[in-house]
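> Predicted model follows, preceded by the sequence.
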Amino acid sequence: KQEVTQIPAALSVPEGENLVLNCSFTDSAIYNLQWFRQDPGKGLTSLLLIQSSQREQTSGRLNASLDKSSGRSTLYIAASQPGDSATYLCAVKGGGATNKLIFGTGTLLAVQP
Amino acid sequence: ETGVTQSPTHLIKTRGQQVTLRCSSQSGHNTVSWYQQALGQGPQFIFQYYREEENGRGNFPPRFSGLQFPNYSSELNVNALELDDSALYLCASSSPDRYYEQYFGPGTRLTVT
């Protein structure tokens, strides 16, 4: 049974710092991995999607890496800003017919001005 | 490109009642998935609809049911509401043309009293 874990559960950093969020999963047979951002009480915004055959994806100040064999992904945020404050969730899709995503419980990020 | 929309935004129901939540998928997406997110948790997969048929289900009882319409919009119905059904309900749409990247709506906050 696939399980997804995110560490740390919460993180507070001063503005301008570079930071790394971690995601681990127990079953390496994944189709893809997505990173999402969620503001309080809101829906999920897709940040990056990494195919199982890829090692990393970049979008602006965000870089996500994937090491499928070790069951790990990291989300790197460069030059953090107060507007980056949110909960960050990672989710994996298995290789089956459904698009079922299995989520971690998220990392709550606070960037202090 | 129109994003995923959901209605209503908020809903308050009494235990034992029935509720219907609605979702319009992103333009061009033929698959809709529903998720339940309890406070402080990651979203949990309820089920998925493709071509108007349910083709994947998570660990939710039969009182959670759904429909998908020819225009790919979808409904989630929950019968005999229980207090534990209080949660944020999220709809996501996807397309195989985009590596099944999932795009989420803003969610419906359901409170059962």
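Alright, I've got the coordinates. Just so it is clear, the structure is predicted and the values come from calculations on it, not from any experiment.
> going forward, measure contacts and count neighbours with C-alpha atoms only.
Noted.
> which residues touch the closest residue to A:V92 other than its chain neighbours?
Leaving aside its sequence neighbours, A:V92 sits nearest to A:L33 (CA to CA, 6 or more residues apart in numbering or on different chains; 4.4 Å). Residues near A:L33 by CA atoms under 8 Å, 6 or more residues apart in numbering or on different chains: A:49-52, A:90-93.
> what's the closest of those residues to B:L81?
A:A91 (28.0 Å; CA to CA).
> The closest one reaches A:I102, doesn't it?
Yes - the pair A:A91 / A:I102 is scored as a contact, 5.2 Å apart, by CA atoms under 8 Å.
> The residue of chain A found nearest chain B: how many residues sit nearby?
Here chain A gets closest to chain B at one residue, A:G43, 4.0 Å apart by CA to the nearest CA. Applying other CA atoms under 10 Å in any protein chain shown, we find 21 residues neighbouring A:G43.
> What of B:G58?
For B:G58, the neighbour count with other CA under 10 Å is 13.
> For it, which residues are in contact?
B:44-47.
> and the residues you listed, which of them are in strands?
B:44-47 (DSSP state E).
> Chain A next: which of those residues are close?
B:44-45, B:47 (CA under 8 Å from any CA of the partner chain).
> residues from chain B in reach of chain A?
Contact residues, chain B versus chain A (CA under 8 Å from any CA): B:33, B:40-45, B:47-48, B:55-56, B:88, B:90, B:99-107.
> Please pick the buried ones from those.
B:33, B:42-45, B:47-48, B:56, B:88, B:90, B:100-107 (16 or more other CA atoms under 10 Å in any protein chain shown).
> what is in contact with A:A91 and A:I102 at once?
In contact with both A:A91 and A:I102: A:V4, using CA under 8 Å, 6+ apart.
> out of these two, which sits in the busier spot?
A direct count of neighbours by other CA under 10 Å for A:A91 and A:I102 places A:A91 higher, at 25 against 20.
> List the residues that contact that one.
With CA under 8 Å, 6+ apart, A:A91 has these contacts: A:4, A:33-36, A:101-104.
> Let's see that with 6 Å instead.
A:33-34, A:101-103 (CA atoms under 6 Å, 6 or more residues apart in numbering or on different chains).
> what's the pLDDT at it?
A:A91 is assigned a predicted lDDT (pLDDT) of 97.
> so what's it bridging to?
Beta-bridge partners recorded for A:A91 (DSSP bridges): A:Q34, A:F103.
> That one and A:K68, how far apart?
For A:A91, the distance to A:K68 equals 13 Å [CA to CA, to the nearest Å].
> what do you get for B:Q102?
20 Å.
> what does B:S94 give?
B:S94 is 23 Å from A:K68, by CA to CA.
> Around chain B, pick out the residues from chain A.
A:42-44, A:98, A:103-105 (CA under 6 Å from any CA of the partner chain).
> following the lowest-mean-pLDDT helix or strand in chain B, which helix or strand shows up next?
Lowest by mean pLDDT, DSSP states H and E among the helices and strands of chain B is strand B:53-57, with a mean of 91. Note on strand B:53-57: by DSSP states H and E, the next helix or strand toward the C-terminus is strand B:64-68.
> Give the residue spans of chain B that score low on pLDDT.
Within chain B, the segments meeting pLDDT under 70 span B:1-2, B:98-99.
> In it, what residue lies closest to chain A?
B:P106 (4.0 Å).
> Not counting its neighbours along the chain, what's nearest residue 105?
Chain wasn't specified; assuming chain A. B:G42 (4.4 Å).
> The chain in question should be chain B.
Using CA to CA, 6+ apart, the closest residue to B:G105 is B:V4 (4.6 Å).
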